[in-house]
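Fold the following and give me the result.
(one chain, ligands or ions: 2)
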Amino acid sequence: MIEPLNRSTAQAAPAAPVRIVHLGLGAFHRAHQAWYTQHASDGAEWGIAAFTGRRPDAATALAGQDGLYTLIERGEGGDRFELMSAIVEAHDGADVAALARLVAAPATAIVTLTITEAAYHLGADGTLDFASPAVQADIDLLRQATAPGAAGTANDDGDRPPAAATPAGRLVQALAARRSTGAGPIAVVPCDNLANNAAAARAAIAGLADVVDPGLGAWVAENVSFVGTSVDRITPRTTEADVALVEAECGYVDSSPVVTEPFSDWVLCGAFPAGRPDWASAGAVFVDTIEDFENRKLWLLNGAHSLMAYAGQLRGHATVAQALVDPACAGWITEFWDEAERNLPAEGLGIPAYRAALLERFSNARIAHHLAQIAMDGSSKLRMRAVPVLKAELAAGRPGTGAARMIAAWVAFLRVARASGSTLADSAAVELGAALSLPAGEDLPALLGILDARLPGDAPAAAAVAAALDGLAVQRPA
Ligand SMILES: NC(=O)c1ccc[n+]([C@@H]2O[C@H](COP(=O)([O-])OP(=O)(O)OC[C@H]3O[C@@H](n4cnc5c(N)ncnc54)[C@H](O)[C@@H]3O)[C@@H](O)[C@H]2O)c1
Ligand SMILES: O=P(O)(O)OC[C@@H](O)[C@@H](O)[C@H](O)[C@H](O)CO
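Numbering: from 1, shown residues only. Ligands and ions are numbered 1, 2, ... in the order given. From the prediction side, this is the model:
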């Protein structure tokens with residue numbers, strides 16, 4: 001008989017005590033940070049309590065399996081199945097009482113985040129976006145919820161306390177609880193693909209705490225260490241076929257397997273005032289400065305991904321592996337990589353080997369990494385993947401054609417999507433929609449302004465994108 005998956009049927013070791021709280025119970029966390037924790041020499045002492053971001057579904061499914069799930073490492077030559085047990089609790093992200101209780105516990109040393117770039121609610125200048133209705137609503141709610149005695153407590157009817165809408169808002173509620181219990185300093189470790197993600201997390205979380213309660217803001221400044229990371233492991237969305245494969249191969253029913261590539265990389269920079277697992281024993285690397293590692297990964301890997309996401313879909317491709325065998329896409333990647341490489345240090349990053357390895361990873365056709373998934377939220381992604389390279393190339397007196405082409409492909413993709421009535425899968429969909437409805441000649445500067453307020457007024461940058469748009473030869477739909 002096919003068994004359901006849980007700690008008893010799997011005869012798994014007892015759950016480790018919770019010492020890490022995670023926000024954003026998606027596929028990547030389960031393929032990456034959970035994997036490093038499970039493989040750390042002291043992993044058995046570090047349990048993860050993970051919270052969903054927007055809906056309870058993933059937590060309900062995983063809690064029904066005592067946090068267990070299967071990691072499918074999908075290489076060119078076949079699949080490897082591993083039972084994962086580092087997650088010991090799974091919660092609905094809206095359950096701020098549970099979040100506050102766990103973050104306030106003295107044993108909890110770390111909060112990790114994989115909530116997507118857009119969920120930090122930062123403006124193009126990298127500060128908290130006070131124009132965002134979700135941020136404004138959280139400010140109103142938090143001003144009441146962080147009042148003394150209110151943080152994270154249920155009301156008299158036992159109902160959950162009102163949850164902030166944004167991850168930063170929920171963490172501010174939870175950090176207020178930690179301040180109240182005197183549990184001491186803690187590390188916040190953002191694992192999203194953001195340039196300088198430590199500064200981004202600080203801007204989102206400390207920025208919000210400052211505004212709602214300056215006393216809490218001062219406590220956060222004193223007690224929260226924001227750790228910068230560069231994270232890497234290609235992890236596409238799970239499919240029904242993956243669920244069926246696990247049942248056939250492993251002999252149990254797992255509602256929540258995760259597929260990932262064999263490659264994995266984690267570079268971290270910052271202090272862990274309450275301790276951390278020995279992630280280095282599982283291959284993580286701790287460095288004193290991280291910017292070059294972040295840029296290498298964001299520009300070379302994620303930049304090429306975004307280029308393929310827009311240019312590749314315009315050319316009829318559905319996955320990364322399909323786009324890569326299109327000589328036009330491959331040529332544009334090389335062109336962009338040459339530009340990016342000129343703006344990275346020549347020594348210490350092993351760029352030629354890194355580029356060669358990327359081509360191999362991208363061409364793993366057994367991983368169906370859908371371009372439509374990568375294309376989502378382009379407004380916040382291209383700001384970090386294309387704009388810095390374009391600016392650096394223009395500043396050096398070079399044309400920046402490759403970076404401009406990535407932005408041009410995004411513009412052409414958005415125009416086609418709007419003309420066909422497709423939903424714009426972007427947290428700035430309203431602003432993008434308004435820009436796209438402007439007459440010809442006005443939409444391009446408006447779209448560039450969403451990426452970076454200074455871009456439309458930067459004549460060489462705007463001209464480079466306009467020329468690249470002409471070069472793509474995608475007709476502007478009527
Ligand atoms: N998948 C990868 O290959 C990969 C690799 C490196 C880094 N990352 C980073 O991890 C992030 C998550 O990737 P994933 O594959 O786990 O995606 P996913 O869709 O499986 O999970 C995303 C998680 O973020 C939450 N979330 C999304 N939007 C949110 C919002 N507006 N507010 C609050 N929570 C929100 C979701 O609820 C979910 O828990 C990426 O955006 C990226 O920054 C992913
Ligand atoms: O996860 P996103 O949405 O930031 O970006 C899509 C992909 O570029 C990304 O997930 C890569 O696969 C990943 O960064 C590889 O480590």
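
give the contact list for the nearest residue to W219 once chain neighbours are set aside.
Of all residues not flanking W219 in the chain, R179 sits nearest, at 4.7 Å (Cβ to Cβ, 6 or more residues apart in numbering). Any C-beta I mention is one placed from the backbone N, CA and C, and that applies to glycine too. Residues near R179 by Cβ atoms under 8 Å, 6 or more residues apart in numbering: 216, 219, 223.

which element follows the helix or strand hosting R179 toward the C-terminus?
Per DSSP states H and E, R179 falls inside helix 167-181. Where DSSP H and E defines the elements, the next helix or strand beyond helix 167-181 is strand 186-190.

ok now the very next helix or strand once past that next one, how far from the chain's centre?
Moving toward the C-terminus from strand 186-190, the next helix or strand (DSSP H and E) is helix 197-212. Centroid separation for helix 197-212 versus its chain: 17 Å, with Cα atoms, centre = their mean, to the nearest Å.

Downstream of helix 197-212, the next helix or strand is which one?
Trace forward from helix 197-212 with DSSP H and E and the next one is helix 214-223.

which strands and helices sit next to that following helix?
Where contact means 3 or more Cβ pairs under 8 Å, 6 or more residues apart in numbering; DSSP states H and E, helix 214-223 is packed against helix 167-181, helix 197-212.

Give me the contact list for the last one.
Counting by Cβ under 8 Å, 6+ apart, the neighbours of helix 197-212 from elsewhere in the structure are 113, 120-122, 126-128, 135, 138-139, 142-143, 146, 166-169, 171-172, 175, 188, 190-192, 194, 216-217, 219-221, 224, 226-229, 269-270, 290, 294.

Could you list the low-pLDDT ranges of the stretch 151-300 of the chain?
In the prediction, the stretch 151-300 of the chain carries residues with pLDDT under 70 at positions 151-160.

Close to ligand 1: what parts of it are there?
Residues of the stretch 151-300 of the chain lying close to ligand 1 (Cβ under 6 Å from any ligand atom) are 167, 192-193, 231, 233-235.

biggest separation within those residues, which pair?
Greatest spatial distance among those (Cβ to Cβ): P167 and I234, at 23.3 Å.

more crowded one of those two?
When P167 and I234 are compared on other Cβ atoms under 10 Å, the one with more neighbours turns out to be P167, at 26 against 22.

For the nearest residue to S427 once chain neighbours are set aside, which three-state class applies?
Leaving aside its sequence neighbours, S427 sits nearest to A118 (Cβ to Cβ, 6+ apart; 3.7 Å). Here A118 is recorded as helix under DSSP: H, G, I helix; E, B strand; the rest coil.

D377 is in contact with A118, correct?
Yes: using Cβ atoms under 8 Å, A118 is in contact with D377, at 4.7 Å.

Near R315, how many other residues are there?
Neighbour tally, R315, other Cβ under 10 Å: 16.

ok, it - contacts?
Residues near R315 by Cβ under 8 Å, 6+ apart: 323, 326, 328-329.

most neighbours, which of these?
Most neighbours among those, by other Cβ under 10 Å: A323, with 28 neighbours.

picking that back up, from Q373, how far off is the residue nearest to W219?
Here R179 is placed at a distance of 38 Å from Q373 (Cβ to Cβ, to the nearest Å).

now do M1
Relative to Q373, M1 is positioned 36 Å away (Cβ to Cβ).

So the two - more neighbours on which side?
Q373 (14 against 3).

buried ones in the helix or strand where that one lies?
Assigned by DSSP H and E, Q373 belongs to helix 371-375. For helix 371-375, burial by neighbour count (16 or more other Cβ atoms under 10 Å) applies to 371, 374-375.

which parts of the stretch 101-250 of the chain sit against ligand 2?
Within the stretch 101-250 of the chain, the residues that sit near ligand 2 (Cβ under 6 Å from any ligand atom) are 117, 193, 232-234.

Highest neighbour count among the residues you listed?
N193 (24 neighbours).

Just give the number of residues close to the residue in the stretch 201-350 of the chain that ligand 2 sits nearest to.
Nearest residue of the stretch 201-350 of the chain to ligand 2: H305, at 3.5 Å (Cβ to the nearest ligand atom). Other residues lying near H305 total 24 when counted by other Cβ under 10 Å.

re earlier: any residue of the helix holding Q373 up close to ligand 1?
No: with Cβ under 6 Å from any ligand atom as the criterion, ligand 1 is not reached by helix 371-375; the gap is at least 8.0 Å.

Helices of the stretch 1-150 of the chain, start to end?
Secondary structure of the stretch 1-150 of the chain (DSSP state H, counting those that start in this stretch): helices located at 27-31, 33-39, 57-63, 96-103, 133-145.

Lowest mean pLDDT across those helices, which one is that?
If you rank these by mean pLDDT, helix 133-145 sits at the bottom with a mean of 92.

what residues are up against H305?
H305 makes contact with 320, 374, according to Cβ under 8 Å, 6+ apart.

Having no further points to raise, I will conclude here.
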